[in-house]
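Asker: Sequence and predicted model, in that order:
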Amino acid sequence: MIKINNLTKIYHSKDKEVVAFDNINLEIGKGEIFGVIGPSGAGKSTLIRCLNLLEKPTSGEVIVDGQDITKLSTLKLREARKEMGMIFQRFNLLKSRTVADNVAFPLEITGKNKGEISTKVKELLELVGLADKADNYPSQLSGGQQQRVGIARALANDPKVLLCDEATSALDPETTHSILELLEEINEKLGITIVIITHEMEVIKEICTKVAVLDKGKVAEQGDVIDIFTKPQAEVTKRFIQRIINANIPEELLSRVTVANPDKGRLVKVSFIGESAGKPMVSELVHNFAIDANILYGNIDKIQGTPFGTLIIELTCEDSSLIEKGIKYLIEELGVRVEVIEDERSVVSAD
Ligand SMILES: Nc1ncnc2c1ncn2[C@@H]1O[C@H](COP(=O)(O)OP(=O)(O)OP(=O)(O)O)[C@@H](O)[C@H]1O
């Protein structure tokens with residue numbers, strides 16, 4: 001649906017240049033919910049504004065539905081923009097207009113007649129759950145309700161793409177959840193492609209199917225959300241994930257005798273996704289290898305219905321060779337990822 005080829009944006013001020021991002025390549029499929037996450041200053045907002053040319057890229061291509069919109073005339077660009085709705089962190093509603101008139105605004109601009117506008121506005125307000133607020137003003141609504149108006153307005157011209165620029169950053173967690181649910185419902189009902197810019201990994205985890213991690217104007221990594229969560233490669237991604245999944249090994253565990261002395265046992269971090277989450281790994285270690293397995297930390301979560309989790313287990317056994325066999329069994333038979341914690345600084349991957 002959207003293809004970004006070698007996209008670069010450089011801001012020029014009086015005496016210096018600021019590179020917002022450099023040589024970005026991304027492909028966003030039709031009907032996907034695609035997240036872009038990155039720390040402050042990574043270039044996220046500039047990137048999303050380049051997708052509908054609110055910001056003009058310095059070089060590169062933005063291909064939307066087969067046409068490079070950086071090459072379009074002003075008139076054609078205006079047409080192409082109708083295919084892309086946008087919502088904002090601060091909602092950007094017109095304060096002097098009612099909810100219904102805010103939603104009607106883009107329809108008025110495209111020259112729809114009164115009857116068409118009234119029908120469409122009603123339909124959109126029902127979709128976002130605000131049919132009873134049509135005559136209210138934005139100041140009479142909560143933040144979440146205002147964002148719902150923003151969503152209804154963004155969908156007025158039946159766009160193929162919805163761009164969300166930090167759309168939940170000004171909202172509390174519960175309201176964020178309800179807005180994300182609404183976006184997911186819209187994606188399913190209307191088949192619309194959604195691009196979400198955020199600095200919150202929770203948002204990515206909750207609704208995105210694909211994610212690109214932006215850092216200092218470059219794509220640090222990209223892929224399926226489940227892969228990025230379970231096997232992050234870039235340091236910046238690991239930092240984001242640690243904020244919501246506390247898989248850091250607590251200091252007191254690192255000083256355990258099994259870390260320094262493998263003859264006494266092993267401290268291992270076991271990560272599992274999907275089917276392997278349901279396997280009785282601890283009891284199998286105990287029964288099959290006579291290993292004592294002491295669970296010191298555990299966490300389980302879900303991404304798009306797929307369970308994944310982490311366990312930190314201390315394995316002890318009179319015969320240390322059985323521990324090695326047990327670890328091999330976990331990896332080869334149960335399909336989980338095992339990292340042996342060898343000292344305070346390193347974990348050694350065993351898969
Ligand atoms: N209009 C502008 N003029 C000059 N530099 C700019 C302009 N807009 C953004 N920048 C710079 O471009 C870089 C990327 O900014 P951008 O706002 O896209 O990052 P971001 O990832 O969205 O950050 P945040 O999460 O803090 O909003 C930053 O170094 C920023 O200072």
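Answerer: That came through fine. Numbering: from 1, shown residues only.

Asker: would you list every one of the strands in the stretch 51-200 of the chain?
Answerer: Applying DSSP state E, counting those that start in this stretch to the stretch 51-200 of the chain gives strands spanning 59-64, 67-68, 84-88, 161-165, 193-198.

Asker: Any idea what the closest residue to the ligand within the stretch 251-351 of the chain is bridged to?
Answerer: Nearest residue of the stretch 251-351 of the chain to the ligand: I303, at 23.1 Å (C-beta to the nearest ligand atom). Any C-beta I mention is one placed from the backbone N, CA and C, and that applies to glycine too. Counting by DSSP bridges, I303 is bridged to T306.

Asker: go on, the one 10 residues further on?
Answerer: Per DSSP bridges, the residues bridged to I313 are V268, I295.

Asker: Just the pLDDT at it, thanks.
Answerer: On pLDDT, I313 comes in at 89.

Asker: now G43
Answerer: At G43, pLDDT is 95.

Asker: Spatially nearest residue to it (excluding sequence neighbours)?
Answerer: F21 (3.6 Å; C-beta to C-beta, 6 or more residues apart in numbering).

Asker: Take the strands of the stretch 51-200 of the chain and write them to CSV, including distance to the ligand, mean neighbour count and mean pLDDT.
Answerer: Formatted as CSV, the strands of the stretch 51-200 of the chain follow (distance: least, C-beta to the nearest ligand atom, whole Å; neighbours: other C-beta atoms under 10 Å; pLDDT from 0 to 100):
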stretch, distance to the ligand, mean neighbour count, mean pLDDT
strand 59-64, 15, 18, 96
strand 67-68, 22, 13, 94
strand 84-88, 12, 23, 95
strand 161-165, 8, 23, 97
strand 193-198, 7, 25, 96
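
Asker: State the mean pLDDT of the top helix by length along the chain.
Answerer: Longest helix of the chain, by residue count under DSSP state H: helix 173-190. Taken as a whole, helix 173-190 has a mean pLDDT of 95.

Asker: contacts for it?
Answerer: Residues from elsewhere that reach helix 173-190 (C-beta atoms under 8 Å, 6 or more residues apart in numbering): 31, 33, 127-129, 142-144, 147-148, 151, 155, 162, 164, 167-168, 171, 192-194, 196, 200, 202-203, 206-207.

Asker: 7 Å instead, please
Answerer: Here helix 173-190 makes contact (C-beta atoms under 7 Å, 6 or more residues apart in numbering) with 33, 128, 143-144, 147-148, 151, 167-168, 171, 192, 194, 203, 206-207.

Asker: That one to strand 193-198, inter-axis angle?
Answerer: 160 degrees (axes from the mean of the first three to the mean of the last three C-alpha atoms, to 10 degrees).

Asker: For helix 173-190, C-alpha coordinates in PDB please.
Answerer: C-alpha atoms of helix 173-190 as PDB (Å, rounded to 0.1, in the frame of the first residue of the first chain):
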ATOM      1  CA  PRO A 173      -3.900   4.000  29.800                       C
ATOM      2  CA  GLU A 174      -7.500   3.000  29.900                       C
ATOM      3  CA  THR A 175      -8.600   5.500  27.300                       C
ATOM      4  CA  THR A 176      -5.500   4.600  25.200                       C
ATOM      5  CA  HIS A 177      -6.800   1.000  25.300                       C
ATOM      6  CA  SER A 178     -10.300   2.000  24.200                       C
ATOM      7  CA  ILE A 179      -8.900   4.100  21.300                       C
ATOM      8  CA  LEU A 180      -6.600   1.300  20.200                       C
ATOM      9  CA  GLU A 181      -9.600  -1.100  20.300                       C
ATOM     10  CA  LEU A 182     -11.500   1.400  18.100                       C
ATOM     11  CA  LEU A 183      -8.600   1.600  15.600                       C
ATOM     12  CA  GLU A 184      -8.500  -2.200  15.400                       C
ATOM     13  CA  GLU A 185     -12.200  -2.400  14.800                       C
ATOM     14  CA  ILE A 186     -12.000   0.200  12.100                       C
ATOM     15  CA  ASN A 187      -9.100  -1.700  10.500                       C
ATOM     16  CA  GLU A 188     -11.100  -4.900  10.500                       C
ATOM     17  CA  LYS A 189     -14.400  -3.400   9.400                       C
ATOM     18  CA  LEU A 190     -13.100  -1.000   6.700                       C
END
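
Asker: now that helix against strand 161-165, angle please.
Answerer: Helix 173-190 runs at 170 degrees relative to strand 161-165, counting by the same axes, to 10 degrees.
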